[in-house]
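In: take this sequence and fold it.
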Amino acid sequence: MIDSKEKELIEEDCLNGAVADENIKSVIKENGKYRIGFTRDELDDLEGYLAYCSNHEKSPNKQERWDNFCDRIEGLLNIGDKIEVEIDRKTKLPKCSLKYYIFDITMINDDNKIMRKIQIAQYKTLYSFAKFIVRSFGFDFDHCFGFYSNFDRISDSGKAYELFVDVREEPLSPKTKGVKKTKVFQVFKKPGDKMLFLFDYGDGWRFIVELKEIKNAEKWDLKPQLLESIGDAPPQYPPCKDEI
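Out: You can find the predicted model right below:
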């Protein structure tokens, strides 16, 4: 259930590129509030867009509203995870054809090696993949990003996928595709395939994303997992000289 102000935030979020138009169309008004349905993945994606809108909001009061709504959705996602765990404990699911993709994500850094090994389902979008990558390094998921096949000159990439396409901003090139509807298996075909992941075009955090293994899943569990963590990532926002 959401109130009228939260409904307005979702509608504004749709204008910024969030794919929640169909959810809004099916909203039901009850006792002065609104009941609106989301799948877990849709809610997960919506939270990312809320964070994006908050980061680009100039009004402190409006930014606080974005942040509070984002925190509320995060709480709902955590409750959903706990429910899924209970269902898994009590229910035997039939053997499935789902595949897991195992990636090494290495931060391009002049210091020590900083790497995360991530497992993600083949049907997850590049948007969900990017969100999990960013958070696995302890960063806030609050900037645009892209995946590129050319590590030295992203403008020369034969394959490129950017959030700019989905939020209706100008992409790298007319051939650049979005990340909201592109699935992991559509980009990474076999072990050894690599892409450059660029997060935050201002600070320019760069990561090597390499597919290491494809394996069969034992059950339909779409939640990404952090399998291994090597090294501590630097602060996303180092303190200014005046703050030190």
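In: domain parsing for this protein?
Out: With domains defined by automatic domain parsing, the chain comprises 4-90, 99-230.
In: which residues are contacting the longest strand along the chain?
Out: For the chain, the longest strand by residue count, based on DSSP state E, is strand 205-216. If you take CB atoms under 8 Å, 6 or more residues apart in numbering as the criterion, strand 205-216 is touched by 97-108, 117, 122, 133, 139, 147, 151, 188, 190-199, 236. Any C-beta I mention is one placed from the backbone N, CA and C, and that applies to glycine too.
In: which of those fall within helices?
Out: Those of the contacts of strand 205-216 mapping onto helices are Ile133, per DSSP state H.
In: buried ones only from the contacts of strand 205-216, please, as a ChimeraX command.
Out: Only the buried entries of these go into this ChimeraX selection, using 16 or more other CB atoms under 10 Å:
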select :100,101,102,103,104,105,106,107,117,122,133,139,147,188,195,196,197,198,199,236
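In: strands - which of the contacts of strand 205-216 land there?
Out: 99-107, 117, 147, 194-199.
In: I'd like to know how far whatever residue is furthest in space from the centre of the chain sits from Met1.
Out: Note on the chain: the largest C-alpha distance from the chain mean falls to Asn31, namely 33.8 Å (CA atoms, centre = their mean). Going from Asn31 to Met1 by CB to CB, to the nearest Å gives 9 Å.
In: just Asp203 next, same as before
Out: Asp203 is 38 Å from Met1, by CB to CB.
In: same deal with Asp140?
Out: Taking CB to CB, one finds Asp140 at 27 Å from Met1.
In: residue contacts, the nearest residue to Tyr161 once chain neighbours are set aside?
Out: The shortest distance from Tyr161 to any non-neighbouring residue, by CB to CB, 6 or more residues apart in numbering, is to Phe147 (4.5 Å). Contact partners of Phe147, counting by CB under 8 Å, 6+ apart, are 126, 130, 159-162, 179, 187, 195-198, 209.
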